[in-house]
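In: I would like to see how this sequence folds:
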Amino acid sequence: MDSQGSPYLNKGALCSTLGGARICQLAMGCAVIAMVTHSAGYSGSQGVFCMAAWCCCFAVSAAVFFLDATRLYSCLRVSWDNLTVTWAACATLMYVTASVVYPLFFVRSECPYEGCEVRDFRIAVTVCSILGTLAYGAEVALCRARPGQIVVGYMATVPGLLKVVQAFVACIIFGALANGSQFSRYAATIYCVVVYASCFALTALVVMMTVCKRTKTVRCMPFDRFVVVCTFLEVLLYLSASVVWPVFCFDSKYGSPWRPSSCPQGKCPWDSKVVVAVFSCVNFGLYLTDLLYSQRIRFVSSRVPTNSRTPSPVFSSCFMRSALPSLPVSVSSSGDALQTETSCDRCPSWLSPLDLRTEGRGTAGLRLISDVIGC
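Out: Residues are numbered from 1 along each chain as shown. Alright, predicted model coming up:
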């Protein structure tokens, strides 16, 4: 016990649904790495990627579990809730990719020359990798914000999770560009590469600012507006790239609409161009969805005593979307309290009063309030 009477270890890290999901992640990761190194084996760039993904996920998940169980995460200058849900979403995508790539390149119905034991181990690796994917997905589902909830982490919302997916899809695009896509042949395709890189940088910036609790560094506008402005810009840029790239890669004037018969398997520039075109459209859809969902959340900074669960009077007034002129809502320049320019005596039936929760002991943290529609 520490001086304030709380246990040294966090029992919730073990005796909770979230703790159980993290234990399953570690168990599946350990099983996969052990079987691959023991007998299943891996080779080539595809195998190296799968092994690197499994090892990275296991190492980071072990660190997250240890820090959560020992409460040492309080020593880190990061938003722990944002960091953990961001990592869980990223690990889910990495496990999904490895669970598809490994059996596609290494599992065959017939026994290889090493014997059927190797094939059986590779099937077991695939099964454990799929179970690990479900474990990471369960953590994301447990931490994800529901409509009407008041949550601490922006990354737990749909726009926050979409940003992780957008960055991951951008990495796939970069991989295809590096695999002989011949993007330097035309200025238009170079422009598309600049678009992909710029949007990835903006998305990564928003994620890092949220995880590192640097949302107050945006002086010219509130952070939620900054996020929406960035997302809107990314939608426009990806829309242009999704149109320009196919024209300059598959039109008969600039390229070939069909795959050349002489193109080697695995090293064909046409295949890389198709991957870039497909995932450009995918990312455009993700950014558009992000923009639509971003209209339904609001950020509120607050400073509330830890031992109090009762909202102060300034927080008890009605909270409505800023689009409604009757109740505009703003945040003070210090970010310590919510100021309502107009108060109401009686909230509508569809509007719930604020139920404030604190992130730390008497500290001012980012509060995210989901739209009350659907409460």
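
In: send the alpha carbons of stretch 235-243 over as CSV?
Out: Output in CSV follows, covering the C-alpha atoms of stretch 235-243 (Å, rounded to 0.1, in the frame of the first residue of the first chain):
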residue,chain,number,x,y,z
VAL,A,235,-10.5,14.7,-48.1
LEU,A,236,-9.9,17.2,-50.9
LEU,A,237,-6.3,16.1,-51.5
TYR,A,238,-7.2,12.4,-51.5
LEU,A,239,-10.1,13.1,-53.8
SER,A,240,-7.8,14.7,-56.4
ALA,A,241,-5.2,11.9,-56.0
SER,A,242,-7.9,9.2,-56.4
VAL,A,243,-8.8,10.7,-59.8
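
In: Please list the outside residues in contact with that stretch.
Out: With CB atoms under 8 Å, 6 or more residues apart in numbering as the test, stretch 235-243 has contacts from 191-192, 195-196, 198-199, 277, 280-281, 283-284, 287-288, 291. Backbone N, C-alpha and C define where each C-beta goes, glycine included.

In: can you rerun that using 10 Å?
Out: Stretch 235-243 is touched from outside by 166, 170, 173, 188-189, 191-196, 198-199, 202, 276-292, with contacts defined as CB atoms under 10 Å, 6 or more residues apart in numbering.

In: Any quick PyMOL command for the buried ones out of those residues?
Out: In PyMOL, a selection of the buried entries from the contacts of stretch 235-243 looks like this (16 or more other CB atoms under 10 Å):
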select buried, resi 166+170+173+188+189+191+192+193+195+196+199+202+276+277+279+280+281+282+283+284+286+287+288+289+290+291
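
In: Which ones among the contacts of stretch 235-243 map onto strands?
Out: The subset of these located in strands under the criterion DSSP state E is empty.

In: surely residue 162 meets residue 89?
Out: Yes - here residue 162 reaches residue 89: they are 9.3 Å apart, a contact under CB atoms under 10 Å.

In: For those two, indicate the residue with more neighbours.
Out: A count of neighbours by other CB atoms under 10 Å puts residue 89 above the other of residue 162 and residue 89, at 26 against 20.

In: nearest residue to that one other than its sequence neighbours?
Out: Beyond its immediate neighbours in the sequence, the residue positioned closest to residue 89 (CB to CB, 6 or more residues apart in numbering) is residue 164, lying 4.2 Å away.

In: The one you found: how many residues sit nearby?
Out: When counting by other CB under 10 Å, one arrives at 22 neighbours for residue 164.

In: Okay, buried residues for the host helix or strand of it please.
Out: Residue 164 belongs to helix 158-178 when assigned by DSSP states H and E. Within helix 158-178, the residues that count as buried by 16+ other CB under 10 Å are 158-170, 172-173, 175-177.

In: My read is that residue 54 contacts residue 94, right?
Out: Yes - applying CB under 10 Å, one finds residue 54 in contact with residue 94, separated by 8.3 Å.

In: Give me the common contacts of these two.
Out: With the criterion set as CB under 10 Å, 6+ apart, the overlap between the contacts of residue 54 and residue 94 is residue 132.

In: In terms of neighbours, single out the busier of the two.
Out: residue 54 (28 against 21).
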